[in-house]
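Student: Make a model of this:
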Amino acid sequence: MDQLNGTTGHTSGSGELWIAPKFQIFPLSPRKYLVREPVTGVEVALELASLQALQMCSSFRSVEDHARRISSALGGQYTEEQVTGLLNRFSGAGLLWSASGMARELVREPDQRGGSGEDALEDAAIRTCGRPDSLERLLRSAALRDREHGVRRRYWVVDDSRDPEQQEATRTVVGRAKEEMDVVYWGVSEQRALMESLARRVPDHADTIHWLLSPDQTHEDVPGGTPGRGLNHVVLLSAGRRVALLDDDAVLEPQLAGAPETGVRITGQPPAARSLAVSQPRGAELSPSPVPLDAVSAHGQMLGKPLAVLLREQTRGRNALTREAVADLTTDDVAGLQPDSRVVLSTNAVVGDPGSADPSWAYMLGDEGLYQQMAASPEALETVTTQRDFWRGDRRLTIPTSRSLMFTTCTGLDNREMLPPVAPARRNEDRLFGAMVQYLFPDALTAAFPWALPHRPQPAREWDRASLDRFSRVGVNGLLASLADQTRGMVPGTTGVSARIGVLAERLRGLAEADRYSLRDWLAQEQLRKRANVVRVLNEELTAHPDAPEHWVQDVQRLIKANSGPVGDPAFLAGTVLGVSEPSPEYDEQALRELVGHYAVALTIWPELREHAVGAVAECLSSASG
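Tutor: Residues are numbered from 1 along each chain as shown. Have a look, this model is predicted:
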């Protein structure tokens, strides 16, 4: 193995944790490579075995732990002592980063650019669709919290209902709320007026504006409204400002589950979850209790904050972050973290319905506490996978590095820089929105609070355990999000927003115009990628629990079997993505092409629409009041 000529040996301190950052790799010969660490500029020539050893250090571990794993992975070709010596030389050369060193780096003084999020958040938006009772419950809780905390903010109620009776019922609820709150109803006529105003300003793209925003646009096989269209209206209504986005079945009653943990954690791990309908293992009962907190203001205080400032506040001015705060990170996580990275999105924990679409979520979360609940008995497993009463969230303030966004209760959006549009129809618009934010702003952060807001759909929902025998399907928004995720790795992080939009739009146009066989091949790859990931995660869960009870193992095996089959006739893949009830290959493929093409145009014109949004919204409000 390499002697790392030109570097001095270095013995890593006992107990320190180390990770390999992202490298630039240039082949010098079939078995030799030039490795460059771009942050420090360190360059080292490495033989293939040494490069492989370095790349295996993709998570924070001690040198001894890394050495054991690498020696085993290389088939015992090198002893643990040899690998330990090599890793010590790597750390001395700057090819490995320490957890304590990274913790110190992240709290250094950030560049001063933009606002810090300390000014008050004056806007909240509520998406609603045919649930006037839920909306009224939310508005009552908002009015009560605002009185308690002495604040006054504007609430925009964005109504996605197409039923005239439901629209009138929602207008009536808003009218009653206006007696004590500043509430604006943004229904069909207001949405249509905004769409027409923008189409006059950007006439060459009136069709795409209609597709993005029109309440008259019909979307087949989309029950329960078009959540993406409502989100597009919210993003335009809040252009240049920060906003708290609420769903109508949430309640502004902040709660804590026991005592929150101190400090802050940066992690790519999913949030923990516990069923509130099943006894907790080893007596660790969750007892949600109210907390006197203005949830909307808490989101506002976080949005726009640089990571270093956030960490300094959480360490109470000590300017020191423990290595445990970063110990969960991987090489991919480390690459996107800088002291001046800013919080663009914020979320909180959820108590009640977790918001997930099917019970397979419970098996794939990788949470030991939830596993213990499911493993307790067949009856407990059935409760977890039919009822939807959970605590889901982190126990301390967390910066997640690779977590899907979920608009379940309240989400903070910093819209002072351009936030993206989404496809107007079908579910999982939050998945696409989160992927697009990360694509456009690679250093953007999400902050996850340890307190929860209740999520209480009416009537209460249950999962169908029969879904354990259905394969996981890639939908339209998942397809677009996957493309954004893949493209993100192909574009340098320093590339500007307009250029990033251009790259992704070009890929979208290419797919929209691809021949039939290329389109079907792309769809097949995405479906297989989705299913393979499900099977991989589930197999990891089986490996992690070799003594799992049979009732849990049987369910996991059902999910694995459902996702292990072929994708079937590629002619029907477009219909599978669109979720149509009666597939028609030619029609479905054309519909998918049009959707992808519309989204490509929508991305390119969105910056211009955003520039016009403030004036157009003011025009609509003036017309409505007149």
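
Student: Please count neighbours and contacts with C-alpha atoms only from this point.
Tutor: OK.

Student: How about residues contacting stretch 330-344?
Tutor: Here stretch 330-344 makes contact (CA atoms under 8 Å, 6 or more residues apart in numbering) with 19-22, 58-60, 105-112, 267-268, 302-308, 401-402, 412-415, 442-447.

Student: hmm, I was thinking of stretch 508-518
Tutor: L519, L592, R593, E594, V596, G597, Y599, A600.

Student: With only the CA atoms kept, save the helix or strand of the chain with the lowest mean pLDDT in CSV.
Tutor: The weakest-scoring helix or strand in the chain, judged by mean pLDDT, DSSP states H and E, is helix 331-335 (a mean of 81). The C-alpha atoms that make up helix 331-335 are tabulated as CSV, following Å, rounded to 0.1, in the frame of the first residue of the first chain:
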residue,chain,number,x,y,z
THR,A,331,-19.5,11.7,3.1
ASP,A,332,-22.4,12.9,1.0
ASP,A,333,-23.8,14.8,4.0
VAL,A,334,-20.5,16.5,4.8
ALA,A,335,-20.1,17.8,1.2
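
Student: Show me how far that helix is from its chain's centre.
Tutor: Relative to the centre of its chain, helix 331-335 is centred 16 Å away, using CA atoms, centre = their mean, to the nearest Å.

Student: likewise stretch 431-447?
Tutor: 7 Å.

Student: same question for whichever helix in the chain runs longest, mean pLDDT?
Tutor: Counting residues, the longest helix in the chain under DSSP state H turns out to be helix 585-625. The predicted model gives helix 585-625 an average pLDDT of 92.

Student: and that helix, how far out from the chain's middle?
Tutor: Here helix 585-625 is found 23 Å from its chain centre; the criterion is CA atoms, centre = their mean.

Student: elements contacting that helix?
Tutor: helix 188-201, helix 206-213, helix 227-237, helix 497-512, helix 573-578 (3 or more CA pairs under 8 Å, 6 or more residues apart in numbering; DSSP states H and E).

Student: can I get those helices in TSV with mean neighbour count and distance to R171?
Tutor: Shown next, in TSV, are those (neighbours: other CA atoms under 10 Å; distance: least, CA to CA, whole Å):
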stretch	mean neighbour count	distance to R171
helix 188-201	19	11
helix 206-213	20	20
helix 227-237	24	16
helix 497-512	18	38
helix 573-578	23	32
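
Student: Not counting its neighbours along the chain, what's nearest A120?
Tutor: G300 (6.5 Å; CA to CA, 6 or more residues apart in numbering).

Student: Residues contacting the strand or helix carrying that neighbour from elsewhere in the structure, which ones?
Tutor: Taking DSSP states H and E as the definition, G300 sits inside helix 295-302. Helix 295-302 is touched from outside by 117-121, 124, 242-244, 252, 254, 343, 346-347, 411-412, 447, with contacts defined as CA under 8 Å, 6+ apart.

Student: Show me which of those residues are buried.
Tutor: Neighbour counting by 16 or more other CA atoms under 10 Å classes 117, 121, 124, 242-244, 252, 254, 343, 346-347, 411-412, 447 among the contacts of helix 295-302 as buried.

Student: Could you work out the most separated pair of the residues you listed?
Tutor: L252 and V343 (22.0 Å; CA to CA).

Student: Give me the ChimeraX select line for the contacts of stretch 508-518, limited to the buried ones.
Tutor: To isolate the buried ones among the contacts of stretch 508-518 in ChimeraX, judged by 16+ other CA under 10 Å, type:
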select :519,592,593,596,597,599,600
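
Student: Serialize the helices and strands packed on helix 585-625 to a markdown table and add fields for distance to D133 and mean pLDDT.
Tutor: A markdown table is the format used below for these (distance: least, CA to CA, whole Å; pLDDT from 0 to 100):
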| stretch | distance to D133 | mean pLDDT |
| --- | --- | --- |
| helix 188-201 | 19 | 94 |
| helix 206-213 | 26 | 95 |
| helix 227-237 | 19 | 95 |
| helix 497-512 | 40 | 96 |
| helix 573-578 | 31 | 92 |
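
Student: how about those, which one is nearest A53?
Tutor: It is, among the helices and strands packed on helix 585-625 and with distance given as CA to CA, helix 497-512, at 33.5 Å.

Student: What residues of the helix or strand just after that closest one count as buried?
Tutor: Once helix 497-512 ends, the next helix or strand along the chain (criterion: DSSP H and E) is helix 516-544. Within helix 516-544, the residues scored as buried using 16+ other CA under 10 Å are 519-520, 523-524, 526-528, 530-532, 534-535, 537-539, 541-542.

Student: Give me the subset of the contacts of stretch 330-344 that lies in strands.
Tutor: Cross-referencing the contacts of stretch 330-344 against strands under DSSP state E gives I19, T267, G412, L413, D414, L445, T446, A447.

Student: How much space separates the residue nearest to A120 from G412?
Tutor: 7 Å (CA to CA, to the nearest Å).
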